[in-house]
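Student: Here is my input; please provide its structure:
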Amino acid sequence: MQRRDLLLGGLAAASAPWTLAQALEKPKVTIAVGGKNLFYYLPLTIAEQMGYFKAEGLDVNIVDFAGGSRALQAVVGGSADVVSGAFEHTINMHAKGQPMRAFVLQGAAPQIVLGVNPKTMPNFKSVADLKGKKIGVTAPGSSTNVMVNFVLAKAGLKPSDVSIVGVGAANGAVAAMRAGQIDAISNLDPVITLLQRSGDLRIISDTRVLAEAEKVFGGPMPAGCLYAPQPFLDKHPQTAQALVNAMVRANKWIQQAGPGEIIRVVPESYLLGDRAVYIDGFLAAQKALSPDGLFPAKGPQTAFNALASVEPKLPKVDLNAIYTNDLVKKAMARYPKG
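Tutor: Alright, predicted model coming up:
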């Protein structure tokens, strides 16, 4: 811990002139997240635990919810400022006339894994076999639910052909599978690796692998990111830039980190009682995390196509209005090495 304390002190000292020179409009920021322990949101935890937010003059309060849709509701309801969640929510919100913009990427691929329960579906042969079954997701309406809908649609099934069950993103999800309460699950690491190692999961689709994610979605599919209502970004540009600075540093640190370093930084509760499983999960997820925070140019169109495939009435939206790379580029210029 001494090394980390020294590092935090150095970060704060090095960043003090920057934070003094750039007055933050809103130093206290509340970020809503759905399943903070997931590798999907690891950059958020690293930015918090390594002191990157504090080094930018921010006092960040992270509120954890059962899934991304709940986190989004917190911002819509005014109890949080920013969402750490799935990119595709920005499309849905624009379609509803509530413009939100993503401004720093955490995940280069969704990292969502869809798998069946070997106990309740020992004879599973294809996605069509899921008709009439119970599928666990982090929370109804979340990105894990979108993944299910997308895979079902490609197999000719409708969302109404299955029963969606919210199981969260931690031990509750693991218990639901092991008890046979659900027939399949759409979730993320470390939940997936834990179930896989204990023989309680047979994987159907794995978007932790960049190549497979692009094959599933037909292109680069941006995943976890920070997004906020457009009025928040307009009113608090320096605050948004400070958030991005911290996240870009976290992204870069993760790419250079080893499993042992990750274990030392994240809270003990993230390990779900098994350090070896957490290490395996990190190694599986590391390449699916964004190396720099930039959104891929073709990503927004891929996300729109994925949503439109399961929501045929989804109206067209201005894809340039749902994200920006401007703040990330400024952060990369300031912190070229992380």
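Student: In this structure, mark out all the strands, start to finish.
Tutor: The residue ranges that make up the strands of the chain, judged by DSSP state E, are 28-34, 59-65, 82-86, 100-105, 113-116, 134-137, 163-166, 184-187, 202-206, 224-229.
Student: what would those strands look like in a markdown table with mean pLDDT, mean neighbour count and distance to residue 265?
Tutor: (Glycine included, C-beta is placed from N, CA and C.) Supplementary listing: the strands of the chain in a markdown table, determined by pLDDT from 0 to 100; neighbours: other C-beta atoms under 10 Å; distance: least, C-beta to C-beta, whole Å:
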| stretch | mean pLDDT | mean neighbour count | distance to residue 265 |
| --- | --- | --- | --- |
| strand 28-34 | 97 | 23 | 17 |
| strand 59-65 | 97 | 17 | 15 |
| strand 82-86 | 97 | 30 | 17 |
| strand 100-105 | 98 | 27 | 20 |
| strand 113-116 | 98 | 24 | 24 |
| strand 134-137 | 98 | 24 | 28 |
| strand 163-166 | 97 | 18 | 29 |
| strand 184-187 | 97 | 29 | 23 |
| strand 202-206 | 96 | 17 | 26 |
| strand 224-229 | 98 | 26 | 18 |
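Student: could those go into TSV alongside distance to residue 174?
Tutor: Output for those, formatted as TSV (distance: least, C-beta to C-beta, whole Å):
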stretch	distance to residue 174
strand 28-34	17
strand 59-65	17
strand 82-86	22
strand 100-105	28
strand 113-116	12
strand 134-137	10
strand 163-166	14
strand 184-187	9
strand 202-206	15
strand 224-229	21
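Student: right, and those - which one's nearest residue 248?
Tutor: Comparing the strands of the chain against residue 248 with C-beta to C-beta, the closest turns out to be strand 100-105 (6.7 Å).
Student: between that closest one and strand 82-86, what angle do the directions make?
Tutor: Calculated by axes from the mean of the first three to the mean of the last three C-alpha atoms, to 10 degrees, strand 100-105 forms an angle of 80 degrees with strand 82-86.
Student: How far away from the center of its chain is strand 100-105?
Tutor: A distance of 12 Å separates the C-alpha centroid of strand 100-105 from that of its chain, computed with C-alpha atoms, centre = their mean, to the nearest Å.
Student: what's the answer for stretch 79-86, then?
Tutor: Counting by C-alpha atoms, centre = their mean, stretch 79-86 is centred 11 Å from the centre of its parent chain.
Student: Can you show me the CA trace of it as CSV?
Tutor: As requested, the backbone C-alpha atoms of stretch 79-86 are provided in CSV (Å, rounded to 0.1, in the frame of the first residue of the first chain):
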residue,chain,number,x,y,z
SER,A,79,-30.4,12.0,-8.3
ALA,A,80,-27.2,11.5,-10.4
ASP,A,81,-25.3,13.6,-12.9
VAL,A,82,-23.6,11.1,-15.1
VAL,A,83,-24.1,7.5,-16.0
SER,A,84,-21.3,4.9,-16.3
GLY,A,85,-23.2,2.6,-18.6
ALA,A,86,-23.8,1.0,-22.0
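Student: which residues touch that stretch?
Tutor: Outside stretch 79-86, the residues that touch it by C-beta atoms under 8 Å, 6 or more residues apart in numbering are 26, 29-34, 36, 41, 44, 62-63, 68, 71-72, 74-75, 89, 100, 106, 110, 142-143, 146, 223-228, 232, 243.
Student: Kindly report the same for stretch 201-219.
Tutor: Contacts of stretch 201-219 with the rest of the structure, by C-beta under 8 Å, 6+ apart, involve 108-118, 121, 124, 127, 147, 150-151, 177, 184-185, 189, 192, 195-196, 220-221, 284-285, 287-288, 298-299, 301-303, 305-306.
Student: Low-confidence stretches in the stretch 51-200 of the chain?
Tutor: Per-residue confidence of the stretch 51-200 of the chain (counting by pLDDT under 70) places no residue in a weak region.
Student: residues in contact with the residue nearest to residue 59 when sequence neighbours are not counted?
Tutor: The spatially closest residue to residue 59, leaving aside those adjacent along the chain, is residue 28, at 4.7 Å (C-beta to C-beta, 6 or more residues apart in numbering). Contacts were defined as C-beta under 8 Å, 6+ apart; by that measure residue 28 touches 58-61.
Student: Tell me how far residue 116 lies from residue 138.
Tutor: Residue 116 sits 17 Å away from residue 138, taking C-beta to C-beta, to the nearest Å as the criterion.
Student: Likewise for residue 81?
Tutor: Counting by C-beta to C-beta, the gap from residue 81 to residue 138 is 22 Å.
Student: Who has more neighbours out of these two?
Tutor: Taking other C-beta atoms under 10 Å, residue 81 and residue 138 do not tie; residue 138 has more neighbours (32 against 22).
Student: Contacts only, for that one.
Tutor: Shown here is residue 138, whose contacts under the criterion C-beta under 8 Å, 6+ apart are 34-35, 66-68, 144-145, 166-169, 173, 186-188.
Student: Counting neighbours, which of these comes out on top?
Tutor: Each of the contacts of residue 138 was scored by neighbours using other C-beta under 10 Å; the highest score is residue 144's, at 33 neighbours.
Student: Just the endpoints, please. Distance across stretch 195-206?
Tutor: Taking C-alpha to C-alpha, to the nearest Å as the measure, stretch 195-206 stretches 14 Å from start to finish.
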